[in-house]
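# Mind looking at a prediction? Sequence and model below.
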Amino acid sequence: MEILTAAGNHVHRPIVAIERGGFRNADYVDQMSRLLQKYDVLRSRQIGTSVLGQPLFALIVGDGPEKVHINAAVHANEWITAPLLLRFVEELAAARSAGDPCGLDAVTLWAVPMANPDGADLAQDGIPPGCAWAEELAAWNGGSGDFRRWKANIRGVDLNDQFPACWELERERRGLAAPAPQDYGGPHPLSEPEAAALAGLTRAERFSRVLSLHTQGKEIYWNYRDREPQEAEAMAERLAAASGEGSDGSNGSGGGYRAVKLSGSDAGYKDWFIDEFRRPGFTVEAGEGVNPLPVEQFDDIYKGLAPILAEFIRG
């Protein structure tokens, strides 16, 4: 599948962009709405609400019987993954509108670009006015008003430690029994509405394969306690190869991903999907550096990431 940025002699000018030095949920909703207005091939569905009542949306593109899923911005300070995924959805919609099937006659993509809207806003703007957890948030953040390193949702629960796949073992490994900027798995699995929404969507649609987009490290995780299907490793290698030639980054800062067999990690979305469905599930750590990755890296990250997502759809 080739992702197009132009049709005929008309250059596709993207709607999706990082503005004001970041990407808040309001930016996401605005740009998503503009995409839905522009492209008839794109649909949306609300799959839940966040702790603060912000709608959680899935964007749907394709007409095929096989359903696949990608989510992003599960971790608050990895909010750059939301416009990365939304840009990919935009380019799929633009290409299909121009007559390129993009492999989506056989596949339907369900994308959730902003899985943690409250956290993404918190990581960029700090405690919102009138927040019911304002005092607690300040304490959980060590008294600092700088939330740039915050990964959890607005209640201090790490959404990627929330899923019922050896959740108790992960909680013991993390050693946290109270809300924190990261790594606290909550009082019980799926206690948080954002994680519950992803699990509910996944169980309802029974995806053939899933991918959860994070930052950073240019790594692709594909396994979980030897419960992954036999084809998972080979698929991960194909995803990595799609990002560029070689594993030394010689194709520029966008390429050079590698498939990694991970151990010592439980309760993530990918872990739970593999455990419950025994189907391919992947975590892609996009880009390199320290979270939150600088917005100046967006274009380079996207160049390496888009071919991975295209290969994932191809399957």
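Now that the structure is in, tell me what you want to look at.

# Now the spatially closest residue to L42 that is not a sequence neighbour. Its backbone dihedrals?
Spatially, and ignoring its direct neighbours in sequence, L42 is nearest to A93 (4.6 Å; CB to CB, 6 or more residues apart in numbering). Using the backbone N, CA and C atoms, a C-beta is placed for each residue, glycine as well. The phi and psi torsions at A93 (degrees, to the nearest 10) take the values phi -60, psi -40.

# quick one, what contacts the residue nearest to the spatial centre of the chain?
Note on the chain: the residue nearest the mean C-alpha position is A72, at 1.5 Å, using CA atoms, centre = their mean. Counting by CB atoms under 8 Å, 6 or more residues apart in numbering, A72 touches E78, T81, A82, L84, L85, A111, V112, P113, M114, A115, S212, L213.

# From those residues, pick the one nearest P181.
Ranking the contacts of A72 by separation from P181, with CB to CB as the measure, puts E78 on top at 13.0 Å.

# Quick check: the closest one touching S212?
No - counting by CB atoms under 8 Å, E78 does not reach S212; the two are 10.4 Å apart.

# Let me have the contacts of A72 in CSV, extended by secondary structure.
Formatted as CSV, the contacts of A72 follow (DSSP: H, G, I helix; E, B strand; the rest coil):
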residue, secondary structure
E78, helix
T81, helix
A82, helix
L84, helix
L85, helix
A111, strand
V112, strand
P113, coil
M114, coil
A115, coil
S212, strand
L213, strand
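
# List just the nearest of those to Q230.
S212 (21.1 Å).

# who's in contact with that closest one?
I70, N71, A72, V74, N160, G268, Y269, K270, G281, F282, T283, V284.

# if I look at the third one, how far off is L176?
For A72, the distance to L176 under the criterion CB to CB, to the nearest Å works out to 24 Å.

# In the chain, what helix or strand scores lowest on average pLDDT?
strand 6-7 (a mean of 38; mean pLDDT, DSSP states H and E).

# Flag the shaky bits of the stretch 201-315 of the chain, pLDDT-wise.
For the stretch 201-315 of the chain, the stretches with pLDDT under 70 are 245-254.

# which residues of it fall in strands?
209-215, 219-221, 258-260, 281-286 (DSSP state E, counting those that start in this stretch).

# could the ones you listed go into TSV alongside distance to I274?
As requested, these are exported to TSV (distance: least, CB to CB, whole Å):
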stretch	distance to I274
strand 209-215	9
strand 219-221	10
strand 258-260	15
strand 281-286	5
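
# So which of the ones you listed is nearest G143?
Proximity of the strands of the stretch 201-315 of the chain to G143 was assessed by CB to CB; the nearest stretch is strand 209-215, lying at 26.5 Å.

# Tell me the strands beside that closest one, with direction?
Sheet pairing of strand 209-215 (DSSP bridges) gives strand 66-72 (parallel), strand 281-286 (parallel).

# Just the CA atoms of that strand, as PDB, please.
These are the backbone C-alpha positions of strand 209-215, laid out as PDB (Å, rounded to 0.1, in the frame of the first residue of the first chain):
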ATOM      1  CA  ARG A 209      -4.400  -7.300  15.000                       C
ATOM      2  CA  VAL A 210      -3.700  -4.100  17.000                       C
ATOM      3  CA  LEU A 211      -0.900  -1.600  17.400                       C
ATOM      4  CA  SER A 212      -0.400   0.800  20.300                       C
ATOM      5  CA  LEU A 213       1.700   3.900  19.400                       C
ATOM      6  CA  HIS A 214       4.100   5.300  22.000                       C
ATOM      7  CA  THR A 215       7.400   7.200  22.100                       C
END
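
# pLDDT wise, what is the nearest residue to V295 once chain neighbours are set aside at?
Excluding the flanking residues, the one nearest V295 by CB to CB, 6+ apart is I18, at 4.9 Å. For I18, the pLDDT comes out at 95.
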